[in-house]
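# Got a predicted structure plus its sequence, pasted below:
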Amino acid sequence: MLKAKDTLKERYQLIRQLGQNAGRQTWLATDIESSPPKTVIVKLLAFNPQMQWDDLKLFEREAQVLKNINHPKIPEYLDYFSVDDVGAGLQTSSLGCQDIGKAALTGLPWFCLVQEYIPGDSLKQLLEQGKPFTEQQVRYFAEDILKILSYLHELSPPILHRDIKPSNLILAKNNQIYLVDFGAVQDRAKAEGVTFTVVGTSGYAPPEQLWGKAVAASDLYALGATLIHLLTGISPANLPQRRMRIQFKDRVSINPDFAKWIEQLIQPAPEKRFSTARQALSALQAPLLPRPNRHSISGNSYSPQTNRGYGCGCLALIVFVVAPPLVLMATSFLDKERDRGAVGEMNRYQAAYFIEDNTFNDDFGEVKRAVEGEYGSLPSERYNYIMRVTDGAVFHYALSRKEKLKSYVGGIFAVPSMEVGINDTSNSMTTLSILCVAEFPGLVKPTEPTYSNGKLACGEGTRHSGG
């Protein structure tokens with residue numbers, strides 16, 4: 001159990017916990033070896049049998065990307081290491097594959113990422129505090145964020161953030177905007193020909209991203225949705241849409257040219273948006289609107305905190321990324337997670353398909369091909385995969401081929417948006433999904449999950465398995 005004043009790697013002394021979520025912890029700490037000692041952020045991920053397959057990939061990928069980024073508006077990468085057997089003395093080890101495999105077998109290791117601490121508030125915190133944002137302030141934010149995105153997109157290979165939103169933007173004490181939380185980044189060079197798990201946040205992620213096909217213009221859409229949130233004070237997920245376009249102009253009084261510029265950012269088709277962040281920045285600066293004043297918006301200190309959850313119909317944050325070296329040694333655990341994860345990925349694919357076509361895809365061959373890039377050829381030696389489509393639902397199965405393995409079943413249901421608390425007057429539909437595992441191993445097909453009166457439930461003889 002980690003506690004204040006514990007020291008990791010004989011260097012990072014924990015001060016106070018800032019956040020905790022599903023095996024992750026974020027701590028404010030002091031780097032006691034630096035001169036003078038400086039405050040840092042330590043993110044920790046606990047390796048344990050209950051963790052999600054994507055969590056492992058996510059954490060390693062974030063560290064890899066941050067290590068190679070050098071930008072004044074992105075918190076600096078400082079260190080990355082593992083801590084073995086936390087409860088038995090916080091012994092530090094390197095992140096070599098042999099060490100990781102040994103840690104996975106002998107104790108409960110934590111993987112630790114250390115970053116620069118940025119005092120300030122996230123834009124989400126300021127919104128929740130009721131802070132109003134003027135058009136000029138929002139325009140200033142847009143310019144600074146586009147400069148950061150220009151840097152990321154023009155790297156070789158380009159880096160896509162894929163989760164631009166108010167909670168990932170810090171307004172520091174010096175009134176500068178910082179972009180944080182790189183757990184959802186995508187390296188375009190490694191993305192070619194690979195199918196990724198859907199990632200993004202409802203209201204901010206564009207349609208193509210829900211298909212796992214993010215491009216540079218996907219970050220521009222998320223920026224546009226973020227600016228709309230700042231201007232209206234309303235999450236874009238709660239604003240009405242018409243033909244997949246967020247409707248916001250009737251709720252604000254801003255320069256028409258600025259409104260048109262935002263509308264181009266949030267075009268549903270990526271080819272109709274600005275082609276690059278630099279082009280969007282040039283277009284924003286072209287009207288030569290008065291340069292915004294950098295008004296001071298003070299608040300409590302903020303630091304990057306872990307805040308990830310697996311969604312379904314409303315598509316809260318869902319995570320992805322390419323398989324990193326960090327996870328290769330825990331073979332048996334990861335094999336199980338691949339099998340389970342493939343069913344969850346089918347659910348997510350169908351959610352994205354429904355958003356586009358207002359129906360589920362009944363071509364199982366196409367569904368399998370959409371997930372095989374990350375989870376390997378289906379069926380596998382361990383499981384056979386099948387799908388059943390009904391009126392208003394679809395069920396995906398991973399059926400055990402061995403007596404000692406448990407089978408999985410995932411269900412995704414089309415439901416009225418209003419039924420799940422989404423404020424939508426157009427009587428639109430959304431999706432809810434669930435993943436269940438048989439309580440006992442064997443070759444019996446598991447009972448399908450159900451949806452009734454706004455609630456999802458696993459069928460008899462099964463239990464919820466996340467994902």
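Looks like it came in fine.
# confidence score at Val83?
In this model, Val83 is scored at 82, pLDDT.
# Flag every buried residue along stretch 72-81.
By 16 or more other C-beta atoms under 10 Å, the buried positions in stretch 72-81 come out as 73-81. Bear in mind the C-beta positions are built from the backbone N, C-alpha and C, glycine included.
# Can you lay out the residues you listed as TSV showing distance to Arg24?
Supplementary listing: those in TSV, determined by distance: C-beta to C-beta, whole Å:
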residue	distance to Arg24
Lys73	24
Ile74	20
Pro75	17
Glu76	20
Tyr77	18
Leu78	18
Asp79	17
Tyr80	15
Phe81	16
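# Identify, from those residues, the entry nearest to Trp110.
Distance from Trp110 was checked for each of those by C-beta to C-beta. The minimum falls on Phe81, at 9.4 Å.
# Report the buried residues of the longest helix along the chain.
The helix spanning the most residues in the chain, taking DSSP state H as the definition, is helix 331-357. Taking 16+ other C-beta under 10 Å as the neighbour-count basis, helix 331-357 is seen to contain the buried residues 333-334, 336-355.
# One more: stretch 4-23?
Neighbour counts using 16+ other C-beta under 10 Å place 8-9, 11-14, 17-18, 22-23 of stretch 4-23 among the buried residues.
# picking that back up, cross the buried residues of stretch 72-81 against strands and list the overlap.
When DSSP state E is applied, those are split such that 77-81 fall in strands.
# Okay, domains of this structure per the record?
Domain ranges of the chain: 7-116, 120-285, 330-464, per automatic domain parsing.
# possible to save the buried residues of stretch 4-23 as JSON lines with pLDDT?
Shown next, in JSON lines, are the buried residues of stretch 4-23 (pLDDT from 0 to 100):
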{"residue": "Leu8", "pLDDT": "92"}
{"residue": "Lys9", "pLDDT": "91"}
{"residue": "Arg11", "pLDDT": "94"}
{"residue": "Tyr12", "pLDDT": "95"}
{"residue": "Gln13", "pLDDT": "96"}
{"residue": "Leu14", "pLDDT": "96"}
{"residue": "Gln17", "pLDDT": "93"}
{"residue": "Leu18", "pLDDT": "86"}
{"residue": "Ala22", "pLDDT": "67"}
{"residue": "Gly23", "pLDDT": "74"}
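# thinking again about what came up before, quick one, which of the domains of the chain is packed in tightest?
Compared across those, domain 120-285 shows the largest average neighbour count, a mean of 19 (mean count of other C-beta atoms under 10 Å).
# From start to finish, how long is that domain in a straight line?
The distance separating the two terminal residues of domain 120-285, taken as C-alpha to C-alpha, to the nearest Å, comes to 27 Å.
# Same check on stretch 381-397?
In stretch 381-397, first residue to last residue: 15 Å (C-alpha to C-alpha).
# Name the residues that touch it?
Stretch 381-397 is contacted by residues 335, 339, 342-343, 346-347, 350, 360, 362, 364, 367-368, 378-379, 398-402, 405, 407-414, 445-446, 448-449, 451 when judged by C-beta atoms under 8 Å, 6 or more residues apart in numbering.
# hmm, try it at 6 Å
339, 343, 346, 350, 360, 362, 364, 378-379, 398-399, 401, 409-414, 448 (C-beta atoms under 6 Å, 6 or more residues apart in numbering).
# Which ones among those residues lie within strands?
Of these, the ones assigned to strands by DSSP E are 398-399, 409-414.
# Show me the strands in the stretch 1-150 of the chain, by range?
Listed from the start of the chain, the stretch 1-150 of the chain has strands (DSSP state E, counting those that start in this stretch) covering 7-8, 12-21, 24-31, 38-46, 77-84, 91-93, 110-116, 120-122.
# Mean pLDDT lowest where, among those?
Ranked by mean pLDDT, these bottom out at strand 91-93, with a mean of 49.
# residues touching Cys112, list them.
42, 44, 81, 83.
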